[in-house]
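Participant: Provide a 3D model corresponding to the input given below.
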Amino acid sequence: MRIETIMSLFQTLRQKYYDFRILLYELLTDGEIEGTPQKMQPCIFTGQGKVIFGSNVVLGYCPSPYYWNTYCYFDTRSKNSIIKIGSNVITNNNFSCCALGELTIGESTLIGPNVVIMDFDGHNIDPTCRNSGCGRQGNILIGKNVWIGSNALVLKGVTIGDNSVIAAGSVVVKSIPPNVVAAGNPCRVVKNI
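Facilitator: Next comes the predicted model:
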């Protein structure tokens, strides 16, 4: 066999494997979805609430880190939980989005690899109640045309204004105004755009 034939066969098998992974994760999904995002990476939707997608949403990106070995995760923890993702949003690989209340991502937002957005504390900070609930909750609103860099963490109760950039590795615990670059842990404004 010629090397070109072997490489072509390998590419075909690789794509079939990846298509199978996307299908398998769809079978594992038990959450309610409205809209049809383009899934470039396997995605799981779970929980009692609803995830609503605008048009032209893309989940996952190739080539990019975490493409072959991770998945996008959407979790609506209660029947009143809602995750709204606006039109033309692109998320990179290994994106996690968890809502106990309402979490909104504005249109044309870009989200880097390995980003987590969560509108509640995973557990109560009181040690006597730690295993009995989800802790405090605060809705999240991410504006339009925002860019969230890789490995960022966006936590409960924050608003990120339109056109702002959240630098890679930032931990957003307070609201960020529009048209700024913000960075750090905790995330703070470092310059205007």
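
Participant: was I right to think residue 143 contacts residue 162?
Facilitator: Yes - shown here, residue 143 and residue 162 form a contact pair, counting by C-beta atoms under 8 Å, at 3.8 Å. Bear in mind the C-beta positions are built from the backbone N, C-alpha and C, glycine included.

Participant: quick one: which of the two has more around it?
Facilitator: For residue 143 versus residue 162, the count of surrounding residues by other C-beta atoms under 10 Å is larger for residue 143: 22 against 16.

Participant: looking at the more buried one now. What's its pLDDT?
Facilitator: Looking at residue 143, its pLDDT is 98.

Participant: ok, it to residue 71 distance?
Facilitator: 26 Å (C-beta to C-beta, to the nearest Å).

Participant: circling back: so what sits against both of residue 143 and residue 162?
Facilitator: With contacts defined as C-beta atoms under 8 Å, 6 or more residues apart in numbering, the residues adjacent to both residue 143 and residue 162 are 106, 178.

Participant: so where is the protein shaky, pLDDT-wise?
Facilitator: 1, 134 (pLDDT under 70).

Participant: now do the contacts for the residue nearest the centre of it.
Facilitator: Nearest residue to the geometric centre of the chain (C-alpha atoms, centre = their mean): residue 95, 3.7 Å. Residues in contact with residue 95 (C-beta under 8 Å, 6+ apart) are 59-60, 72-73, 111, 113-116.

Participant: let's see that with 10 Å instead.
Facilitator: Contacts for residue 95 (C-beta atoms under 10 Å, 6 or more residues apart in numbering) come out as 41, 43, 59-61, 66, 70-74, 111-117, 148.

Participant: so which of the residues you listed belong to strands?
Facilitator: Counting by DSSP state E, the contacts of residue 95 place 43, 59, 72-74, 111, 116-117, 148 in strands.

Participant: need those residues in TSV with distance to residue 166 and neighbour count, can you?
Facilitator: Shown next, in TSV, are the ones in strands among the contacts of residue 95 (distance: C-beta to C-beta, whole Å; neighbours: other C-beta atoms under 10 Å):
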residue	distance to residue 166	neighbour count
43	22	22
59	19	23
72	18	24
73	19	17
74	20	25
111	9	27
116	12	16
117	11	25
148	5	27
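
Participant: which one among those residues gets closest to residue 158?
Facilitator: Distance to residue 158, by C-beta to C-beta, is smallest for residue 117 among the ones in strands among the contacts of residue 95, at 9.5 Å.

Participant: show me what the closest residue to the residue nearest to the centre of the chain other than its chain neighbours is bridged to.
Facilitator: Closest residue to residue 95 apart from its sequence neighbours, by C-beta to C-beta, 6 or more residues apart in numbering: residue 72 at 4.7 Å. Note on residue 72: beta-bridge partners by DSSP bridges are residue 43.

Participant: correct me if wrong: residue 72 contacts residue 25.
Facilitator: Yes - at 8.9 Å, residue 72 counts as touching residue 25 under the criterion of C-beta atoms under 10 Å.
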